[in-house]
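Enquirer: I need the structure of the sequence given here:
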Amino acid sequence: MDSIIELHDVENLGTGAIGEPGSREFFVQARNSAMQLTVLVEKQQVALLATEVISFLDRIAEEHPEDTLALPIEEARLREPTVPLFRARLIGLGFDTDLGLVLIELREHVAEDGDSERLTTETELSSEHEEDGYVARIYATRAQVRALAARGVTEVEGGRPECSLCSMPMDPGGHRCPRWN
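Expert: Down below sits the predicted model:
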C-alpha cells in the first residue's frame, strides 16, 4: 500500500541543488500552511521536468487559457530545511480542470517495466501500482509550475562547465577527455 501525500493550496513550489558542482543533490519542494515536503530527485529529472512542464502547459493552454501573471524565478527557490522524505523515481504531470491546477506527482517506486527518468502523462497518473512507497501529489498554479521550470533550468546549468571537445563535465582541475586519446 502506498503512503499518499497530497498538498493543496501550495504557497511555494521550488527546485534547487545543494552542494558543490559535481556532487550536488537536487530537490523538488512544496509547502503549504500545514507542511513542507522535500523530495530528492536526479539532475536529469529536473532538466526533463523543466522541459516537459513548458511543453505540457503550452499544450493545455490551448483548451484552458492561462490568466495568471508570471512569478519571478526567485519564488521557486528551495527553503530550509531541505531534508528529503524520499527519492523520486517517477515524476508525472497532470491537470485538474475543475481546480485549474497542475498536478505534479512524485513516486518513490516504479513498476519494474518503468523508466525512472521519464515523465508520465496525466492518463498514466491514475494507473495503480503495487509497490510500497511514498506518492506525493502536489497541486500548484500554472505560474508556480512555470517558475519551477525556469528555476530548474537555471539550477541544472549552474553545474560544472562542459568540455568543448567531448561535452562531458569538467572538474575544477580539468578532466580526462576521451577525445585526447
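
Enquirer: assess the claim that E25 and G16 are in contact.
Expert: No - in this structure, E25 is not within contact of G16 by Cβ atoms under 8 Å, at 9.6 Å. In this view, the C-beta of every residue, glycine as well, is placed from N, C-alpha and C.

Enquirer: between these two, which is the more surrounded one?
Expert: G16 (22 against 15; other Cβ atoms under 10 Å).

Enquirer: per-residue pLDDT, that one?
Expert: Predicted confidence (pLDDT) for G16: 93.

Enquirer: now it. Nearest residue, chain neighbours left out?
Expert: L78 (3.8 Å; Cβ to Cβ, 6 or more residues apart in numbering).

Enquirer: dump the residue contacts of the one you found.
Expert: G14, T15, G16, I18, F27, Q29, T38 (Cβ atoms under 8 Å, 6 or more residues apart in numbering).

Enquirer: filter the residues you listed down to the ones in helices?
Expert: Per DSSP state H, helices hold no members of the contacts of L78.

Enquirer: ok, back up a step: for the residue nearest to G16, give its distance to L40.
Expert: 12 Å (Cβ to Cβ, to the nearest Å).
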